[in-house]
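A.B. asks: Mind looking at a prediction? Sequence and model below.
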Amino acid sequence: MNMTPNQPYLIRALYEWIIDNDLTPYVLVNADNEFAHVPRQYVDNGKIVLNLAPTAINNLDMGNDHISFNARFSGKDTNVVFPVVAVLAIYAKENGQGMVFNDTENETPPPEPEKPTRPSLKIVK
């Protein structure tokens, strides 16, 4: 049975946990993802760190496929959108606690588990 990816659920849970502890949630995003629309002037080595604190952004939408919000960069209103699979980490700015994700964009699913073989029964008279 195929399950939906757990990454969007973990990101939302960690975001809430960080906020509930009065800390600042940061995400590290793979800015090289073709669907990542982020302010390019802040990209370093193909990655960008974004502050997701409620005081820093507006209209946060953390869906199962993408994350989007509005923010000001150098005084300019900017719409930021990136796929959930482009999130490399979510953590608290103040202490670094959070989670690092594998690069799931190029990840192949694990092989199907082998079906258990049924032991053969030997009937003895």
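C.D. replies: Structure received.
A.B. asks: In the beta-sheet assignment, what are the partners of the residue nearest in space to the middle of the chain?
C.D. replies: Centroid-nearest residue in the chain: V87, 3.8 Å away (criterion: C-alpha atoms, centre = their mean). Judged by DSSP bridges, the bridge partners of V87 are V29.
A.B. asks: Make 860 the starting number, not 1.
C.D. replies: Taking 860 as the first residue, the last one we looked at is V946.
A.B. asks: residues in contact with it?
C.D. replies: V946 makes contacts with 866, 870, 886-889, 926, 960, as judged by C-beta atoms under 8 Å, 6 or more residues apart in numbering. All C-beta atoms are positioned from the backbone trio N, CA, C, and that covers glycine.
A.B. asks: and M862, how far is that from I926?
C.D. replies: 21 Å (C-beta to C-beta, to the nearest Å).
A.B. asks: ugh, wrong one, I meant F932
C.D. replies: Relative to I926, and taking C-beta to C-beta, F932 is found at 16 Å.
A.B. asks: So for these two, which residue has more residues nearby?
C.D. replies: Taking neighbours as other C-beta atoms under 10 Å, F932 and I926 compare with I926 leading, 25 against 13.
A.B. asks: sec struct for the spatially closest residue to L919 that is not a sequence neighbour, please.
C.D. replies: Taking C-beta to C-beta, 6 or more residues apart in numbering, and ignoring the residues beside it in sequence, L919 has F928 as its nearest neighbour in space, at 4.5 Å. State at F928, reduced to three classes by DSSP: H, G, I helix; E, B strand; the rest coil: strand.
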